[in-house]
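The following comprises the amino acid sequence and a computationally predicted model.
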Amino acid sequence: MRLTKQTSYALRILIHCALSGGRHVKAADIAAEHGITEFNVAKIVPILVRGGFITTSRGRTGGLKLARAPQEIGIGDVIRATEATHVEAECVGGTTLPCGIKRAAPINRMLGEAVEAFIEVLDKHTLADLIVARPRETGLPGAGTLRRARAASTASH
């Protein structure tokens with residue numbers, strides 16, 4: 001199963017918020033740091049708020065922050081919030097008529113079981129697991145600046 005960019009971006013936003021030390025972070029800073037357009041951040045934030053993963057506040061000192069501790073945010077829950085977790089194959093035969101057996105088709109039951117098993121594995125992991133497993137240089141606020149400085153240094157040699 002291939003996850004969408006939306007899920008990748010949601011996880012980056014959550015990791016960034018987790019690394020902020022409980023401070024509010026600006027959506028524009030997340031976008032710049034992680035190479036996500038501000039439009040995409042703005043599109044994903046309401047999904048994360050509805051899922052209970054982050055809270056937002058307005059104003060000069062406002063922004064985004066985690067609604068719960070990283071160890072309380074399940075990766076499976078994030079996937080459920082950002083991905084279509086119901087898979088359904090089309091009727092076989094290329095007909096344009098409505099398919100009366102689509103819901104009962106064996107392949108759809110099999111695909112449903114496979115998606116459930118996939119997410120069940122992710123339910124065993126939390127946002128805290130992603131933070132601990134991340135490479136030291138990436139995912140940290142300011143890491144983009146460090147990467148750009150290293151790239152510039154390498155290019156000048």
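Happy to help now that I have it.

so where is the chain shaky, pLDDT-wise?
1, 87-105, 134-157 (pLDDT under 70).

Which secondary structure state does residue 64 sit in?
When classified by DSSP: H, G, I helix; E, B strand; the rest coil, residue 64 comes out as strand.

What's the local residue count around it?
Residue 64: 25 surrounding residues under other CB atoms under 10 Å. The way it works is simple: take the backbone N, C-alpha and C, and place the C-beta from them, glycine included.

Could you give the bridge partners of it?
residue 25, residue 56 (DSSP bridges).

ok, the nearest residue to residue 122 once chain neighbours are set aside to residue 60 distance?
Excluding its sequence neighbours, the residue lying closest to residue 122 (CB to CB, 6 or more residues apart in numbering) is residue 76, at 4.0 Å. Relative to residue 60, residue 76 is positioned 36 Å away (CB to CB, to the nearest Å).

And for residue 45?
18 Å.

Tell me which of these two has more neighbours.
Each of residue 45 and residue 60 has its neighbours counted (other CB under 10 Å); residue 45 has more, 18 against 5.

Quick check: that one touching residue 14?
No. Counting by CB atoms under 8 Å, residue 45 sits too far from residue 14 to count as a contact (10.8 Å).

which residues are common contacts for the two?
Common contacts of residue 45 and residue 14, defined by CB atoms under 8 Å, 6 or more residues apart in numbering, comprise residue 54.

Tell me who's in contact with residue 121.
By CB under 8 Å, 6+ apart, the contact set of residue 121 is residue 76.

Check the gap between it and residue 114 for me.
11 Å.

returning to that earlier point: how far out from the middle of the chain is the host helix or strand of the residue nearest to residue 122?
In the assignment (DSSP states H and E), residue 76 maps to helix 75-82. Distance, stretch centre to chain centre, for helix 75-82: 8 Å (CA atoms, centre = their mean, to the nearest Å).

hey, C-alpha coordinates of the helix ranked longest in the chain in PDB?
Ranked by residue count and defined by DSSP state H, the top helix of the chain is helix 106-122. Output of helix 106-122 as PDB, limited to C-alpha atoms (Å, rounded to 0.1, in the frame of the first residue of the first chain):
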ATOM      1  CA  PRO A 106     -14.400 -11.800  -2.700                       C
ATOM      2  CA  ILE A 107     -11.500  -9.500  -3.800                       C
ATOM      3  CA  ASN A 108     -13.100  -6.600  -1.800                       C
ATOM      4  CA  ARG A 109     -13.300  -8.700   1.300                       C
ATOM      5  CA  MET A 110      -9.600  -9.700   0.800                       C
ATOM      6  CA  LEU A 111      -8.500  -6.100   0.200                       C
ATOM      7  CA  GLY A 112     -10.400  -4.900   3.300                       C
ATOM      8  CA  GLU A 113      -8.700  -7.500   5.500                       C
ATOM      9  CA  ALA A 114      -5.300  -6.500   4.100                       C
ATOM     10  CA  VAL A 115      -5.900  -2.800   4.800                       C
ATOM     11  CA  GLU A 116      -7.000  -3.700   8.300                       C
ATOM     12  CA  ALA A 117      -3.900  -5.800   8.900                       C
ATOM     13  CA  PHE A 118      -1.700  -3.000   7.600                       C
ATOM     14  CA  ILE A 119      -3.200  -0.400  10.000                       C
ATOM     15  CA  GLU A 120      -3.200  -2.900  12.900                       C
ATOM     16  CA  VAL A 121       0.600  -3.000  12.600                       C
ATOM     17  CA  LEU A 122       0.700   0.800  12.600                       C
END
